[in-house]
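> Just a sequence and a predicted model for now, questions to come.
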Amino acid sequence: MGGKPKVSSKIIPLASPKGPEKLCELCQRVARLQCTECRATFYCDEEHQQADWVGIHRRICQLLVPIRTQTFLSLQRAGQIVTQQKKAELIEICRSVAQQKLSEGKHQEALPAAQFCLRCSIDVHGPNTVQLVPAYLLLAEANIGLGNVSRVAELLSQAEWSVLKSPDCGHAVHHRLHRSLGRLHMATGNLEQALLHFANDIYFASEAFGLDSTITCRGYFLMADAFAKQGKTPIVRSLYSEVTQIWHCHLTNLLENRIQNAQNPNVLLDSSYDNQSDKAQQVEVDDMLRTMLEFEQKDPRKDPAQVARVAHCLAMMWFLAGDSRKVNHLTTLGIKGWFDTVTQFPISSLCRLKIGLSLIGEVVKIRWELVAGDETVSTLLTSTLVSSLRTKLFGRRMFVSVGSNSSDVT
């Protein structure tokens, strides 16, 4: 479907069935227009129809017809169950769309999907239930991006109340609530309260997903942002290092599994991000890693190894996404980082040298994948890198016995 809604038509009172007054889908004011496709959605003006179309309606237009059109069957018990099931499906669609738009920074466009998600959740689960919390948090995140702090506080207050009434709700719900509260306090400049909520976020996330989970490490990143605003650079550097380590391990495992499962080398270049939730995560992780990379590059005490590891994370992520252009640039940056790291080590430190060579090998592996498994090219790349490393380190030939604890320099 295109970016513009189908032509709307004015509501003709005499042609409409008796019942409650028609209200605008977005603002709940009296409606004057209706969608000509589903004829079950109404708007106060063309501006709100356009906003709803872009935000969510073009995805769910026809799905609303059986839900909002009363029939004899829909009034029966079996029909009501089917309707509730369809609403539950709509909740997931709206949640996914809203999350995708939020990850892309499209906060205004995320509002219609988040609002519809909340209304459907109330219809399915009832008011003031813990199942409404995810929808409250989506709406809150959209409003944080738009600067509507008072609305965010109201939504999170409702979410907190729902959680307090459900003491048995899971750790995952608590983690998401504290993360949103931390973001609210960041927006208002209350850094101490933000840090307290981010600490709770990390605790509950680690209970739900594990201490080394990529979900948990997002809390580390947000906490680092608060410390950065306080000027506590050493703490920021430490937290960023932990985030990088977790993502490096996660992406390395994904890449190795991808290589092992590929029957055809060309399959390696296909994208692993095929659904909206994966793409939303990709955008979020890319923004997080690039923020850390920029921090390291601007830091006077720049750590080349950290620069290289973050660049490697980005390269692996974009390789899995099928973007070879970005991978080429990032692997080059990663290799430079490893060179800069190894040149800081003393010649006698064979152990550190082995680590440097091993890390360079990780970057080479990605380039090997980009040439679809050509061992000749892989060998050439490795040889070139090691030769350059020798020259950069010592300006002459060097022999390293990888299988022993000694090295000979000639």
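Right, received. Where do you want to start?
> so who does the spatially closest residue to Ser166 that is not a sequence neighbour touch?
In space, and not counting its chain neighbours, Ser166 is closest to Val130: 3.9 Å by CB to CB, 6 or more residues apart in numbering. Using the backbone N, CA and C atoms, a C-beta is placed for each residue, glycine as well. Going by CB atoms under 8 Å, 6 or more residues apart in numbering, Val130 touches 162-163, 165-166, 169, 173.
> Just the buried ones from those?
Neighbour-count burial (16 or more other CB atoms under 10 Å) is assigned, among the contacts of Val130, to 162-163, 169, 173.
> can I get the residues you listed in CSV with secondary structure, pLDDT and distance to Tyr43?
Formatted as CSV, these follow (DSSP: H, G, I helix; E, B strand; the rest coil; pLDDT from 0 to 100; distance: CB to CB, whole Å):
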residue, secondary structure, pLDDT, distance to Tyr43
Ser162, helix, 92, 30
Val163, helix, 93, 34
Cys169, coil, 87, 36
Val173, helix, 94, 34
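> Rebuild these as CSV, extending it with distance to Gln282.
Below are the buried ones among the contacts of Val130 laid out as CSV (distance: CB to CB, whole Å):
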residue, distance to Gln282
Ser162, 31
Val163, 30
Cys169, 29
Val173, 25
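> rewinding a little: from the contacts of Val130, which two are the most distant?
Pairwise distances across these peak at 12.1 Å for Lys165 and Val173 (criterion: CB to CB).
> name the element Cys38 belongs to?
If you go by DSSP states H and E, Cys38 is not part of any helix or strand.
> for the helix or strand harbouring Ser180, which positions count as buried?
Taking DSSP H and E as the definition, Ser180 sits inside helix 171-188. Of the residues in helix 171-188, 173-187 count as buried by neighbour count, 16+ other CB under 10 Å.
> looking just at contacts, which helices and strands does it meet?
helix 133-146, helix 149-164, helix 191-209, helix 214-229 (3 or more CB pairs under 8 Å, 6 or more residues apart in numbering; DSSP states H and E).
> Would you mark the buried spots in the first one?
Right, helix 133-146. 133-145.
> And for the third one?
Residues of helix 191-209 classed as buried: 191, 193-198, 200-206, 208-209 (neighbour count, 16+ other CB under 10 Å).
> between those, which is closest to Pro234?
Closest to Pro234, out of all of the buried residues of helix 191-209 and judged by CB to CB, is Leu195, at 15.5 Å.
> what ranges do the strands span in the stretch 1-150 of the chain?
8-10, 33-35, 42-43 (DSSP state E, counting those that start in this stretch).
> returning to what we had before: to Arg68, which of the helices and strands packed on helix 171-188 lies closest?
Using CB to CB, the helices and strands packed on helix 171-188 put helix 133-146 closest to Arg68, at 19.2 Å.
> Any regions of the stretch 201-350 of the chain where pLDDT drops low?
262-278, 324-350 (pLDDT under 70).
> now the strands for it?
Ranges of strands in the stretch 201-350 of the chain, per DSSP E, counting those that start in this stretch: none exist.
> what about Ser166, is that helix, strand or coil?
Following DSSP: H, G, I helix; E, B strand; the rest coil, the label given to Ser166 is coil.
> Hmm, it is touching Gln131, no?
No. Applying CB atoms under 8 Å, one finds Ser166 not in contact with Gln131, separated by 9.1 Å.
> I figured Gln115 was touching Ala140, is that so?
No. Applying CB under 8 Å as the test, Gln115 and Ala140 come out as separate, 12.0 Å apart.
> hang on, the earlier thing: tabulate the helices and strands packed on helix 171-188 (a markdown table), appending distance to Gln99.
Formatted as a markdown table, the helices and strands packed on helix 171-188 follow (distance: least, CB to CB, whole Å):
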| stretch | distance to Gln99 |
| --- | --- |
| helix 133-146 | 7 |
| helix 149-164 | 16 |
| helix 191-209 | 17 |
| helix 214-229 | 14 |
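> Now do the contacts for Glu207.
Contacts of Glu207 by CB under 8 Å, 6+ apart are His171.
> For Ala172, see how far away it is.
Look at Glu207 and Ala172: by CB to CB, to the nearest Å, they are 9 Å apart.
> one step back: any chance of the buried residues of helix 133-146 in TSV, plus distance to Gly126 and pLDDT?
Below are the buried residues of helix 133-146 laid out as TSV (distance: CB to CB, whole Å; pLDDT from 0 to 100):
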residue	distance to Gly126	pLDDT
Val133	13	95
Pro134	15	94
Ala135	13	95
Tyr136	14	96
Leu137	18	95
Leu138	19	95
Leu139	18	96
Ala140	20	96
Glu141	23	94
Ala142	23	95
Asn143	24	96
Ile144	27	94
Gly145	29	93
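> Closest one of the residues you listed to Leu63?
Out of the buried residues of helix 133-146, the member with the shortest distance to Leu63 (by CB to CB) is Ala135, at 17.6 Å.
> Just confirm that closest one contacts Arg95, I think it does.
Yes. Judged on CB under 8 Å, Ala135 makes contact with Arg95 at a distance of 7.4 Å.
> so what sits against both of the two?
Cys117.
> got the contact list for the nearest residue to Tyr240 once chain neighbours are set aside?
Residue nearest to Tyr240 in three dimensions, not counting chain neighbours: Met292, with 4.7 Å by CB to CB, 6+ apart. Counting by CB under 8 Å, 6+ apart, Met292 touches 221, 240, 243-244, 310.
> List the contacts of the nearest residue to Leu184 once chain neighbours are set aside.
Nearest in space to Leu184, with sequence neighbours left out and distances taken as CB to CB, 6+ apart, is Val152 at 5.3 Å. By CB under 8 Å, 6+ apart, the residues touching Val152 are 140, 143-144, 184, 187.
> Tell me the buried residues in stretch 307-323?
307-321, 323.
> Among those, which ones are in helices?
307-320 (DSSP state H).
> Which one of the residues you listed is nearest to Gln84?
Once CB to CB is applied, the member of these that ends up nearest Gln84 is Leu320, at 37.6 Å.
> That closest one contacts Arg258, doesn't it?
Yes. Counting by CB under 8 Å, Arg258 is a contact partner of Leu320 at 6.6 Å.
> and Ile202, how far is that from Ser213?
Taking CB to CB, one finds Ile202 at 10 Å from Ser213.
> Same question for His174.
Distance from His174 to Ser213, by CB to CB: 15 Å.
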